[in-house]
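Enquirer: just the structure for this:
(chains A and B)
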Amino acid sequence: MTKIFIGSIIAILLTAFYLKTSQPESQSEVPILYWVTDPNPIRFEQVDLFYEWLVENNHVNENGKPILELRLDFGGIDNKKMIHGISGVAGDIMDCDTMSFQRLGILADVTEYAEQHNFGLDQTYPALKPVIQRDQKQYSFPCNVNVLSFWSNADTFKKYGMEAPNKNWTVQEFEKMGIEFTKRANKGLEKQEVFFLSPFEGWRLYRLLISLSRSSGQSILNETLTASTLDQGAFSESLKTLYRWTHELHLIPSAAESSSFDVEGGYGGAELSLFIKQKYAMLNIGRWMLIRLREMENPPPVSVSYYPYEKFQNCLISSRNASIYEGSKNKELAALFLAFLASDKYNNNIITTADGGPPNPIYAQGKKYTHPEAWQNEWGAHEVPIEAAHTIAIAEARSPYVSSSIFEKAMSTAYELVMNDLSTPDEAAKEAAKFVDFEIQRNLHDSPSLKERFSEDMKKQTRIDQEKLEDKKPSLEFISNPFHKKYHYDK
Amino acid sequence: MINKNKSDTLRGLAFLSPNILGFLTFTIFPLAFSIVMAFSNWNLSLHNMFKEESLQWIGFDNFANLLNTDEFWKYLKNTLFFMMGIPLSIAGSLFAAMLLNSDLQVKDKKLRTHFIIVTLVIMGVSVACISGVDVSPFFYLITLLIGLFFIGGLFGGISVYRTLFYMPHFTAGVATFILWKKIFNPETGPLTQFLQPILNGIHSVAEPLPDSVFYFLMGLTYLFLGFVLYKGVNIIRKWREDEELGLGGLVLSFVFLSIPIFCIPSWIQWSNLGTALTIALFLIVFGSLLIGWNSFKTDAKSWDDGLGNAVMLSMGLMVLEFVLLGFGELMYNFPEMVAQGLNTPNWLTEYHWAKPSIMFMGFWASIGSNQMLLFLAALSAVSPELTEAAEIDGANNFQKFWNVTWPQLAPVTFFIMIMAVIHGMQGGFEVAKAMTNGGPAGATTTLEYYVYEEGFGGGRLAYASALSWILFCIIFAITLFQWRFGNRYVND
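Expert: Numbering: from 1, shown residues only, chains lettered A, B, ... in the order given. Now for the predicted structure:
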């Protein structure tokens, strides 16, 4: 028995040794880097392009081969990536929500690398500054850029004798057209089967609510990002608007109506299938939806409209960002990948594959982007989000005192309470504000350094509040919220 | 000799060491560590290997904060609501076990052929009827499968049924949740398609009736509710008179009996009638208490005498009270519902239906779970001599079950009850994550899901640990209570 036991121990040790020596890192001549990203098939092509770029830019070893090997890790949800990050085992390059990850301290400051390899803020849209920079330090570079908008299937509108909507519309114009469309599209049907717009959930709902609130002249956070302003009227109005669209005008399906469609997902989600089947005339989505649309034999003609607005037209600019893990042993090599994202090779790939908009705006100016030869059905659509990115787009405001997931939770709960007739919009908005402010206080309680920063910001906020009382414009140097900067100084 | 013993001991320990080390590393250490964590302010966004913020010891702050948040109480209520399905699930699994304990195989060849023909005819007719109301292919599939199971059982007998009934237990959880999401589809789901024609039938019957019929039914329901309360109080009083019930049982019984009455103001939507009903029911409970005060004052031997019986009775009556209140409310709203057309609810997306829908799914799962298997094993151990003796004494089937079988199942039922309560308090994460994401508006978020949200969603490991330990304390208290009084109930 003793021999068997000792034998087992030896066998385990030998297996461990074999596993250790057979690991990729032990067999490769060059350092292996991992890129944690989404499971999009285009990523393989992008890795190959990266190798080409490395060779072209002389980042090679003595054998003329690329100085690194990049492996894909389809890492899944942000929570998992965060846990890997704080545990010290994350990939070298991560596609992530930069500000959420930066709060954890797991992202490397890439400001110096950006200067060295030319992938600073000047290589992308200025509106993305709050997304990739905090306290004048850069933490990422965009892989693609998106302006969420409403994408229309022109064939669906044509089917019911209507024109696809223009790019600009107020809430009233949106509702007028929606009522007419749903009336025509559901004529003679026992139950409503066709909707003006796809349903909202998760981050899309969150962003639409932000945009609608902003269109009424308010953000969800105050000027210094120290408190929520969800209870100041605009958010409640946005909830009323969505309730009206869903339950009174039936322009968008309720949760039950959307779950009753027997359709499965795929890249782009179940909504895209229903958009193609002309059950939804419009989708609340970004340019990446063209990836799947282009798989069709005869894709329908599409056009793009901004979110409708009350009095201040705006839209949200966002990006899928690549960041370098603070715990990576190969930060300098990983920085090369970020430089690649700013290159013509990568940007042209984004243009061709429709994986969102190119991170570098200069590549979105040519005909190759605006009028792709093979896809005439898309002509006229591509310019709209880019134009918005240069004009009306504002990034999401991110507070250092509370994570955006808390806002998302508070706002979606308020939305569900209102949609289920469990609360009035005003009550739900108050509860949401209370919840967020409570979370801010919890974070301050846990962190003395955050508390210090908070009291500095509160001084600024007091000054701003005083200025507002005196009917003056708040001083620009005190404002951290990108919406307030744009609203007060750049509209 | 001593050396030999020592060497044997060392060898034994060496053999055991991998297991001991694994247990210490992966069970004992995390457990002890989580206690320590619960008294700190460990927040992953502030305290991790890349941050310099120092960890602080904050004593019982996490526990105090937790008990002061609305969320904790809301999710605790959700968890307890789901647990109200436990008695039903135990009854369901006992019923399934009793079915599976009888030999259902048809041995006669001719009879078997007839059975198959009849089954096929019934299935064919059902499908033909249903096809007239435009059902989904999923419904056909389910009908077909049920038919096939039935026929399989005819050939294979009890073994086939036992295997099929146990299937929910060894089917992967998430896969069954996705299947149930399909079943709950408000448009094409088989449940909706099965219920909608029935509701249409009820609608056509109820539509011509005057509203007063439903109000009369509502009145009857509340009268019956009053009667149930009156009887409940009387039984308790009788136990007290007979010195079978201590003070603890008496107080707990009145607490459980009164809970539904306290819920009336927030539940019943019309204020005047709701107030009147609340007052009337309180009068019944406390009127009976005052009228029979002398008999209540009778001293039992100790405060916990008959506690198990009293809790069982009053909890059962509490569930019945809730059912009757719900039925009364339904009757009150029925004329309006009929006017709008009776439709199946949006099972998972409607706030008030999401919880019962998930409970219903849990009921299905528990029927085919280890509970059923345990009951099956216990039933096979019931002494046939006792049953035969009861038969000779002229007992009918119900009497045989109540007086012979059920008492012998008491130890197993007690064990199942404890396990179900523990599982119920710790459960709900997988279902909520896969089916509803805890919504709508937190309706299906349980304490376990809340632990996950706080720990891995918000990064507040300390807070999540404190929450876990509070959960542990609740489970421990309930289990102790069950053990202390339920065990005596079993032995009695």
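Enquirer: now the strand or helix carrying residue B:32: buried residues?
Expert: Taking DSSP states H and E as the criterion, residue B:32 maps to helix B:29-38. Across helix B:29-38, burial judged by 16 or more other CB atoms under 10 Å in any protein chain shown covers B:34, B:37-38. Using the backbone N, CA and C atoms, a C-beta is placed for each residue, glycine as well.
Enquirer: stretch A:28-36 too?
Expert: Using 16+ other CB under 10 Å as the test for burial, stretch A:28-36 gives A:32-36.
Enquirer: going by distance to chain B, which of the residues you listed wins?
Expert: Using CB to the nearest CB, residue A:36 comes nearest to chain B of the buried residues of stretch A:28-36, at 16.7 Å.
Enquirer: from what I see, the closest one and residue A:85 are in contact.
Expert: No: counting by CB atoms under 8 Å, residue A:36 sits too far from residue A:85 to count as a contact (9.5 Å).
Enquirer: any common contacting residues for those two?
Expert: Common contact partners of residue A:36 and residue A:85 (CB atoms under 8 Å, 6 or more residues apart in numbering or on different chains): residue A:94.
Enquirer: count the residues that sit near residue A:6.
Expert: Using other CB atoms under 10 Å in any protein chain shown, residue A:6 has 11 neighbouring residues.
Enquirer: typo on my end, it should be residue B:184
Expert: Residue B:184 has 25 neighbouring residues, counting by other CB under 10 Å.
Enquirer: ditto for residue B:327
Expert: The number of residues packed near residue B:327 is 17, by other CB under 10 Å.
Enquirer: can you check the one 10 residues further on too?
Expert: Residues contacting residue B:337 under the criterion other CB under 10 Å number 15.
Enquirer: what helix or strand is it located in?
Expert: Using DSSP H and E, the element containing residue B:337 is helix B:307-340.
Enquirer: again with residue A:323
Expert: Here residue A:323 is assigned to strand A:315-324, by DSSP H and E.
Enquirer: quick check: residue B:184 touching residue B:347?
Expert: Yes: applying CB under 8 Å, one finds residue B:184 in contact with residue B:347, separated by 3.9 Å.
Enquirer: list residues touching both of these two?
Expert: Common contacts of residue B:184 and residue B:347 (CB under 8 Å, 6+ apart): B:191-192, B:357.
Enquirer: tell me the secondary structure at the residue nearest to residue A:256 when sequence neighbours are not counted.
Expert: Once flanking residues are discounted, residue A:256 sits nearest to residue B:346: 3.3 Å by CB to CB, 6 or more residues apart in numbering or on different chains. Following DSSP: H, G, I helix; E, B strand; the rest coil, the label given to residue B:346 is coil.
Enquirer: ditto for residue A:226
Expert: coil.
Enquirer: could you do residue A:143 as well?
Expert: strand.
Enquirer: got the domain ranges for chain A?
Expert: Using automatic domain parsing, the domain parsing of chain A gives A:31-144+A:319-370, A:149-216+A:228-318+A:378-395.
Enquirer: count the neighbours of the residue lying closest to residue A:160 once chain neighbours are set aside for me.
Expert: Once flanking residues are discounted, residue A:160 sits nearest to residue A:184: 4.2 Å by CB to CB, 6+ apart. Counted with other CB under 10 Å, the neighbours of residue A:184 add up to 14.
Enquirer: wait, residue A:184 touches residue A:157, no?
Expert: No: contact status for residue A:184 versus residue A:157: not in contact, 9.6 Å apart, counting by CB under 8 Å.
Enquirer: got the contact list for residue 96?
Expert: Since no chain was named, I'll use chain A. For residue A:96, the contacting residues are A:36, A:78, A:81, A:107, A:140, A:321, A:323, by CB under 8 Å, 6+ apart.
Enquirer: I was after chain B.
Expert: By CB under 8 Å, 6+ apart, the contact list for residue B:96 reads B:165, B:367-368, B:372, B:375.
Enquirer: out of these, who has the most neighbours?
Expert: Most neighbours among these, by other CB under 10 Å: residue B:372, with 28 neighbours.
Enquirer: counting contacts, what elements does the helix or strand that that residue is a member of pack onto?
Expert: Using DSSP H and E, residue B:372 sits in helix B:370-380. Other helices and strands packing on helix B:370-380, by 3 or more CB pairs under 8 Å, 6 or more residues apart in numbering or on different chains; DSSP states H and E, are helix B:86-101, helix B:158-170, helix B:406-426.
Enquirer: secondary structure element for whichever residue of the stretch 101-250 of chain B sits closest to chain A?
Expert: Closest approach between the stretch 101-250 of chain B and chain A, counting by CB to the nearest CB: residue B:187, at 3.1 Å. Secondary structure assignment for residue B:187, by DSSP H and E: no helix or strand.
Enquirer: likewise residue B:174?
Expert: helix B:173-183.
Enquirer: any idea which helix or strand comes after that helix?
Expert: Counting by DSSP H and E, what follows helix B:173-183 is helix B:190-206.
Enquirer: just the CA trace of that next one, in CSV.
Expert: Presented in CSV, the C-alpha positions along helix B:190-206 are these (Å, rounded to 0.1, in the frame of the first residue of the first chain):
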residue,chain,number,x,y,z
PRO,B,190,-47.5,25.5,-23.6
LEU,B,191,-48.6,26.8,-20.2
THR,B,192,-50.3,29.8,-21.8
GLN,B,193,-51.7,27.7,-24.6
PHE,B,194,-53.1,25.2,-22.2
LEU,B,195,-54.7,27.8,-19.8
GLN,B,196,-55.9,30.3,-22.3
PRO,B,197,-58.8,28.1,-23.7
ILE,B,198,-59.8,27.3,-20.2
LEU,B,199,-59.8,31.0,-19.3
ASN,B,200,-61.8,31.7,-22.5
GLY,B,201,-64.4,29.1,-21.3
ILE,B,202,-64.6,30.7,-17.9
HIS,B,203,-65.0,34.1,-19.5
SER,B,204,-67.9,33.0,-21.6
VAL,B,205,-69.6,31.5,-18.5
ALA,B,206,-68.8,34.5,-16.3
